[in-house]
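1. Make a model of this:
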Amino acid sequence: MPLATDDFLDIDDVTPTELDALLDRAAAMKAGETDPRLTDATLGMIFEKPSTRTRVSFETGMTRLGGHAMFLGPDDIQLGHGEPLRDTARVLGRYVDGVMARLFDHEDVEVLAEYADCPVINGLTDEAHPCQTLADLLTIRETVGSDATVAWVGDGNNVGQSFVVGAAMAGIDVAVATPADY
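-> Model prediction:
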């Protein structure tokens with residue numbers, strides 16, 4: 001099922017039906033039932049915030065699907081200084097097939113999506129972490145099933161916010177316990 005949007009900036013950029021289809025496809029890929037390929041595709045990965053897990057997971061995924069991931073850290077590009085962000089987006093959109101960005105400000109990933117002529121994926125911003133939510137929802141589906149109740153205990157941060165929205169979209173009940181200062 002094709003998605004209605006090219007960019008994935010927040011979990012609610014997809015409909016509940018699209019979310020279910022994404023999780024079905026991910027489960028089929030994981031089980032080896034489908035063999036989607038990104039042969040010769042290049043993913044530009046912008047890291048304003050470093051993360052071992054995010055970098056390794058995206059690089060491994062691209063490699064296993066036949067593509068290539070290109071790490072672009074703060075010392076590698078002029079992200080927001082020396083060159084406007086919209087210019088970085090335009091340049092990347094001409095050379096890569098997709099961009100994954102792990103940034104501080106959510107508005108920056110929106111600018112990338114607006115000006116890049118390729119799909120943009122939010123690898124994390126201060127407001128949202130939609131890829132983590134997809135992974136969490138797939139894990140819940142695989143281990144507990146679709147009829148789950150989940151307790152969220154911890155920070156009411158970007159991860160929690162995306163998870164609560166994604167869980168609601170997937171029909172999962174969530175009880176939230178977040179300390180007042182978090």
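2. Surely Phe58 is in contact with Met100?
-> Yes: Phe58 is within contact range of Met100, at 5.5 Å (criterion: C-beta atoms under 8 Å). Placement of C-beta: from N, CA and C, glycine included.
3. Find residues that contact each of those two.
-> Taking C-beta atoms under 8 Å, 6 or more residues apart in numbering as the contact rule, Phe58 and Met100 both touch 43, 45, 123.
4. Compare neighbour counts for Phe58 and Met100 and give me the winner.
-> Neighbour count, other C-beta atoms under 10 Å: between Phe58 and Met100, Met100 has more, with 28 against 21.
5. now for the strand or helix carrying the more buried one, which elements pack on it?
-> Taking DSSP states H and E as the definition, one finds Met100 inside strand 98-102. Judged by 3 or more C-beta pairs under 8 Å, 6 or more residues apart in numbering; DSSP states H and E, strand 98-102 is in contact with strand 42-47, helix 85-95, helix 106-115, strand 120-124.
6. In TSV: those, plus mean neighbour count.
-> TSV is the format used below for the helices and strands packed on strand 98-102 (neighbours: other C-beta atoms under 10 Å):
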stretch	mean neighbour count
strand 42-47	23
helix 85-95	17
helix 106-115	20
strand 120-124	25
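7. any chance of those in CSV, with distance to Leu23 too?
-> Shown next, in CSV, are the helices and strands packed on strand 98-102 (distance: least, C-beta to C-beta, whole Å):
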stretch, distance to Leu23
strand 42-47, 21
helix 85-95, 28
helix 106-115, 22
strand 120-124, 16
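8. Compare those and give me the one nearest Gly154.
-> Nearest to Gly154, of all the helices and strands packed on strand 98-102, is strand 120-124, at 16.1 Å by C-beta to C-beta.
9. And the contacts of the closest one?
-> Residues from elsewhere that reach strand 120-124 (C-beta under 8 Å, 6+ apart): 6-10, 45, 47, 49, 51, 54, 58, 89, 98-103, 106, 109, 112-113, 128-132, 158.
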